[in-house]
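K.L.:
okay, here's the prediction I keep looking at, along with the sequence it came from:
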Amino acid sequence: MRMRILVLGGTWFLGRAVVEAGLRRGWEVTTFNRGCSAADSPGTRPVRGDRAAAADLRRLAEEGPWDAVIDTSAAGLGPEAVRTGATALEPVARRYVLVSSTGVYRDGPAGPLTESCALHGDGAGGHGARGAAAERAVGGLFGTGRTVVLRPAVILGPGEYAGRLEWWLRRARRGGPMLAPGDPGRTVQPVDVRDVAAFALRLAGDGGAGGAYNVAAPVGRETMGGLVRDCVTVTGRRATPRWTDGAVLREHGVRPGTELPLWPAGEGGRTVSPAAAHRAGLVCRPLAETVMDTWAWLEAGGRPVPHPDHARYGIAPEKEAAVLAALETER
């Protein structure tokens, strides 16, 4: 069956991965974006417009109908803008696949977070609350049977605009003693952008029931130590990780999550259960493959679409050197 899908976004990272995977399946792919970030993939039917402009959304709806909308760009919008777009598209789309995040969960019980855990309420602030409100907006318009919500933990891979994996790779390439945070055996759950795209298309096309899915690698399969080791290996084994307790790093002013990317702010971080997604067909390739392919993409001249998040990640070389020297003194 040749599907007709609309991708909101579609020119970079996850949006581009969805578009290109859809085209490889022989589907008809329409994209909707402002045309500012990057060029559309050859073979798409691009529609130019702004998601904040009601007139542009009405014009977009006239290009329908579609079997599914895949919304890869909701994260940068407020829930009202998501609601406005969903309102315009509800009459011309059979299904809405919304890419949200695991940030929508409030602190839950001990153990991995499941899709049944409580979400942030409308009165809460922050990115997670906006994401939860966007989920409710789409679900309220399309209904539970026509709404699919994907909640990725961390998405990595070629084209990653935030540069978290890129930073580790370039730092490992630079070589020498390298700060590494916390317990190397700690579980991490990044998922490859290509696997998220494949799962989104699977759910867009299967016509089954809607629902929410945590999209992440299996709990316990990947570790922070494995991630760092793989980065060191693919870049030529120039760096020597210096694993240091998280509390000690914080005492030295190292910021979790940003200066050493993918190191969570909380002790150990929270894991999520992706069991439902794996039962529904999510397949996560080994993290080592993601690391290898991302380094190959960078070495071939690949560059992410410019984004403000890129500047947030990575510890300055002089600060890292000072911390490493202080740690040697304290030994």
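P.N.:
Structure's in. What do you need?
K.L.:
can you dump the C-alpha atoms of stretch 182-199 in CSV for me?
P.N.:
Extracted as CSV, the C-alpha positions of stretch 182-199 are listed here (Å, rounded to 0.1, in the frame of the first residue of the first chain):
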residue,chain,number,x,y,z
GLY,A,182,30.3,8.6,37.3
ASP,A,183,29.9,4.8,37.1
PRO,A,184,31.0,3.4,33.7
GLY,A,185,28.4,0.6,34.3
ARG,A,186,25.5,3.1,34.4
THR,A,187,22.7,2.3,31.9
VAL,A,188,22.2,4.8,29.1
GLN,A,189,19.3,4.5,26.6
PRO,A,190,20.0,6.6,23.5
VAL,A,191,18.2,5.5,20.4
ASP,A,192,19.5,5.9,16.8
VAL,A,193,17.6,8.5,14.8
ARG,A,194,17.1,6.0,11.9
ASP,A,195,15.4,3.6,14.3
VAL,A,196,13.1,6.3,15.6
ALA,A,197,12.2,7.1,12.0
ALA,A,198,11.5,3.5,11.1
PHE,A,199,9.3,3.1,14.2
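K.L.:
quick check: residue 105 touching residue 115?
P.N.:
No: applying CB atoms under 8 Å, one finds residue 105 not in contact with residue 115, separated by 9.3 Å. For glycine as for every other residue, the C-beta is placed from the backbone atoms N, C-alpha and C.
K.L.:
comparing the two, which residue is more hemmed in?
P.N.:
Between residue 105 and residue 115, counted using other CB atoms under 10 Å, the more crowded position is residue 105 (21 against 18).
K.L.:
beta-bridge partners for the more buried one, please?
P.N.:
Beta-bridge partners for residue 105, by DSSP bridges, are residue 119.
K.L.:
from residue 131, how far out is it?
P.N.:
Applying CB to CB, to the nearest Å, the value for residue 105 to residue 131 is 10 Å.
K.L.:
same check, this time on residue 226
P.N.:
Residue 226 is 29 Å from residue 131, by CB to CB.
K.L.:
just residue 234 next, same as before
P.N.:
33 Å.
K.L.:
quick one on the thing from earlier: which neighbours do residue 105 and residue 131 have in common?
P.N.:
Residues touching both residue 105 and residue 131 by CB atoms under 8 Å, 6 or more residues apart in numbering: residue 120.
K.L.:
before we move on, the earlier item: neighbour count for residue 226 and residue 131, which is higher?
P.N.:
residue 131 (26 against 17).
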